[in-house]
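Trainee: the sequence isn't on hand, but the structure is:
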């Protein structure tokens, strides 16, 4: 089959055993690279041009999959093209996902593509109705701001975020009040990103780790950092949730509210 590099953009899919028949509706300008960690796929059932399937060991959730792709892509034939990262069932998190792929000309260099965690569950409906600042036209995209210290969300309290805080601090014997984003990004081998986390109060999450990045940005991530991230992604289960929370910042999305502004 033709290489995905022949297409202007690449859709990277982290699959376990989800139904991926929806890929037939992905715009042709996207080549598709499926990293399959479940039962082998029948290519006859999902065939389309510019499709590659790579069978992988089931480790590290989607974070290990994304890093595997970044490690394999030593260079990008189209620096101005996008790599889009998604789980194999994007629609719970991003109900407008296919339409968003049709509107890549409106994207930012780092483009979040999800809207929610789960319908009628999280985040609260009032936020979904009112937070439209990151919409792409009328297509639903929403970011969730979180504390770099507690991992809890800025606009509502989330019990899992507090659990994430506790487990991560316990794993590394970190004191309450530690800047966890700074620590995690240093663990990823990204000291410049960690320094930005240290000087701000809040990061931003894209639910389900569904986002797009221009290839010219991805090519700037060092090989050493990718090696550190790959080791981390295959470690303790909690790391997968830390990666999900920080993917936008790993690829350069800004933190916000400077520490200095409140002193």
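Mentor: Yep, it's here. Bear in mind the structure is a predicted one, so any value in this text is a computation, not a measurement. Residues are numbered from 1 along each chain as shown.
Trainee: from here on, just use CA atoms for contacts and neighbour counts.
Mentor: OK.
Trainee: what's the closest non-adjacent residue to residue 67?
Mentor: In this structure, residue 67 finds its nearest non-sequential neighbour in residue 230, 6.1 Å apart by C-alpha to C-alpha, 6 or more residues apart in numbering.
Trainee: any idea which helix or strand comes after whatever helix or strand that neighbour lives in?
Mentor: Using DSSP states H and E, the element containing residue 230 is helix 223-233. Moving toward the C-terminus from helix 223-233, the next helix or strand (DSSP H and E) is helix 238-250.
Trainee: on that earlier part again, let me see the mean pLDDT of the helix holding residue 230.
Mentor: Mean pLDDT, helix 223-233: 97.
Trainee: which parts of it are buried?
Mentor: 225, 226, 227, 228, 229, 230, 232, 233 (16 or more other C-alpha atoms under 10 Å).
Trainee: what's in contact with stretch 246-263?
Mentor: Residues outside stretch 246-263 that contact it (C-alpha atoms under 8 Å, 6 or more residues apart in numbering): 110, 112, 181, 185, 190, 193, 196-197, 199-206, 209, 211, 213, 217-218, 221.
Trainee: for the protein, what spans make up the helices?
Mentor: In the chain, the segments counted as helices under DSSP state H are 43-46, 61-72, 97-101, 125-130, 159-172, 180-187, 191-198, 215-218, 223-233, 238-250.
Trainee: in terms of secondary structure, what does the second one contact?
Mentor: Looking back up the chat, that one is helix 61-72. Counting contacts by 3 or more C-alpha pairs under 8 Å, 6 or more residues apart in numbering; DSSP states H and E, helix 61-72 is packed against strand 9-15, helix 223-233, helix 238-250.
Trainee: and that helix, which residues are buried?
Mentor: Going by neighbour count (16+ other C-alpha under 10 Å), the buried part of helix 61-72 is 61, 62, 63, 64, 65, 66, 67, 68, 69, 70, 71.
Trainee: ok, now the last one?
Mentor: Under the neighbour-count criterion of 16+ other C-alpha under 10 Å, helix 238-250 has 239, 240, 241, 242, 243, 244, 245, 246, 247, 248, 249, 250 buried.
Trainee: TSV for the residues you listed, including distance to residue 6?
Mentor: Converted to TSV, the buried residues of helix 238-250 look like this (distance: C-alpha to C-alpha, whole Å):
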residue	distance to residue 6
239	33
240	31
241	33
242	33
243	29
244	29
245	31
246	30
247	26
248	26
249	28
250	26
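Trainee: possible to save the residues you listed as TSV with pLDDT?
Mentor: Shown next, in TSV, are those (pLDDT from 0 to 100):
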residue	pLDDT
239	96
240	95
241	97
242	98
243	98
244	97
245	97
246	98
247	98
248	98
249	98
250	98
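Trainee: tell me the one among those nearest to residue 106.
Mentor: Nearest to residue 106, judged by C-alpha to C-alpha, of these is residue 248 at 17.8 Å.
Trainee: work out which residue lies at the spatial centre of the chain.
Mentor: The residue lying closest to the centre of the chain (C-alpha atoms, centre = their mean) is residue 209, at 3.0 Å.
Trainee: dump the residue contacts of that residue.
Mentor: 85, 86, 87, 114, 244, 245, 247.
Trainee: quick one, phi/psi of the nearest residue to the second one once chain neighbours are set aside?
Mentor: Right, the one you point to is residue 86. In space, and not counting its chain neighbours, residue 86 is closest to residue 210: 4.7 Å by C-alpha to C-alpha, 6+ apart. With angles defined as degrees, to the nearest 10, residue 210 sits at phi -110, psi 110.
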